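Undergrad: below is the structure, and that's it, no one-letter string:
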């Protein structure tokens, strides 16, 4: 564990698990109670959860993981079809991580790319997941299919990162810290919500060898093989059957460009949710509001 992570998650422990030959997933764990998997989004790492982890850990055993390609997890070699970075593959990583830590059944709280991974994990491994909460996303297929000028301008990185290698990688690697600060600072709240220790982690990790490749491959997969997987589920009528909590930022692009509850009800049977008073980076912009919604969802009071 880096000094920054130790400071962000006092009393927690960190490690790695080899989920397939040569691929290690980094994680931080702590707390008491039933297991809860926390997954981050782009361009961040597990550090995003530091403001809510202490309170969640009073009720749940937390496993806070870095997705493959991000943070301190492995950045595998790219494949022609980008399958090594598909949400299906990233979901399998997290199942294997949880099993290695002794958690065969768990709940998930996930943001952004992590939430898309969690959606796929819950579809592919329904017996593993009890409850799922996703932050500031609509389903991937719906967002691509409904792209308009407003969305394309706001989510420009979706279309930049999928360009053929090595163009976007080369541009990110030219100044990785500037990429982090420009992407995160360009959202509605600017850089004000981010703890300097968390920012130091994001900046450290984006500068690691292969980090730009990992991020780009994630997005290339989402614009190709992941859409194929989502369409196959839609054609087969497969839906999430677990309780699903959908939360998003009232000041964000998801609010402006989609109808989140309407879209999730097309792919899930038991949906609840609402907008929170923040932008995209919900766990860091509005931790108290987030806890007020997820604690009753994940820690229901006895009848």
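TA: All right, it came through fine. Fair warning: this is a prediction, and the values are worked out from it, not measured in the lab.
Undergrad: which non-adjacent residue is nearest the residue nearest to the spatial centre of the chain?
TA: Nearest to the geometric centre of the chain sits residue 114, at 1.8 Å (Cα atoms, centre = their mean). Leaving aside its sequence neighbours, residue 114 sits nearest to residue 39 (Cβ to Cβ, 6 or more residues apart in numbering; 2.8 Å). C-beta here means a position set from N, CA and C on the backbone, and glycine is covered the same way.
Undergrad: hang on, the one you found packs against residue 62?
TA: No - using Cβ atoms under 8 Å, residue 39 is not in contact with residue 62; the gap is 11.4 Å.
Undergrad: more crowded one of the two?
TA: More crowded of residue 39 and residue 62, by other Cβ atoms under 10 Å: residue 39, with 30 against 27.
Undergrad: give me phi/psi at that one?
TA: phi -130, psi 140 (degrees, to the nearest 10).
Undergrad: begin at 786 from now on, thanks
TA: In the new count, where the first residue is 786, that last one comes out as residue 824.
Undergrad: got the contact list for it?
TA: Going by Cβ atoms under 8 Å, 6 or more residues apart in numbering, residue 824 touches 850, 852, 879, 893, 894, 895, 896, 898, 899, 900, 902, 903.
Undergrad: swap in 10 Å and give it another go.
TA: Residue 824 sits next to 831, 833-834, 848-852, 855, 875-876, 879, 893-903, 906, 919-920 when contact means Cβ atoms under 10 Å, 6 or more residues apart in numbering.
Undergrad: distance of it from residue 855?
TA: Going from residue 824 to residue 855 by Cβ to Cβ, to the nearest Å gives 10 Å.
Undergrad: coming back round to it: tell me which of the contacts of residue 824 fall in strands.
TA: 848, 849, 850, 893, 894, 895, 896, 919, 920 (DSSP state E).
Undergrad: tally up the residues packed near residue 993, please.
TA: Close neighbours of residue 993, defined as other Cβ under 10 Å, add up to 14.
Undergrad: hmm, it is touching residue 957, no?
TA: No - the pair residue 993 / residue 957 is not scored as a contact, 11.8 Å apart, by Cβ atoms under 10 Å.
Undergrad: so the residue lying closest to residue 995 once chain neighbours are set aside, which state does it fall into?
TA: Residue nearest to residue 995 in three dimensions, not counting chain neighbours: residue 860, with 3.7 Å by Cβ to Cβ, 6+ apart. What DSSP: H, G, I helix; E, B strand; the rest coil gives for residue 860 is coil.
Undergrad: got a list of what residue 860 touches?
TA: Residues in contact with residue 860 (Cβ under 10 Å, 6+ apart) are 808, 853-854, 869-870, 993-1000, 1002.
Undergrad: backbone dihedrals for it, both of them.
TA: Here residue 860 shows phi and psi, under degrees, to the nearest 10, equal to phi -110, psi 90.
Undergrad: next one: the one 3 residues further on
TA: Comment: the main-chain dihedrals of residue 863 come out as phi -70, psi 150, following degrees, to the nearest 10.
Undergrad: measure it to residue 891 for me?
TA: Counting by Cβ to Cβ, the gap from residue 863 to residue 891 is 29 Å.
Undergrad: now stretch 945-962: average pLDDT?
TA: Stretch 945-962 carries an average pLDDT of 98.
Undergrad: cool, and stretch 1040-1060?
TA: Rounded mean pLDDT across stretch 1040-1060 is 97.
Undergrad: so how far does that stretch reach from one end to the other?
TA: 8 Å (Cα to Cα, to the nearest Å).
Undergrad: please identify the buried residues of it?
TA: By neighbour count with 16 or more other Cβ atoms under 10 Å, stretch 1040-1060 contains the buried residues 1040, 1042, 1043, 1045, 1046, 1048, 1049, 1052, 1053, 1056, 1058, 1060.
Undergrad: the fourth one: what's it in contact with?
TA: Applying Cβ under 10 Å, 6+ apart, one finds that residue 1045 lies in contact with 919, 921-924, 927, 1031-1033, 1039, 1056, 1058-1060.
Undergrad: now do the fifth one
TA: Counting by Cβ under 10 Å, 6+ apart, residue 1046 makes contact with 923, 1029, 1031, 1033, 1053, 1056, 1057, 1058, 1059, 1060.
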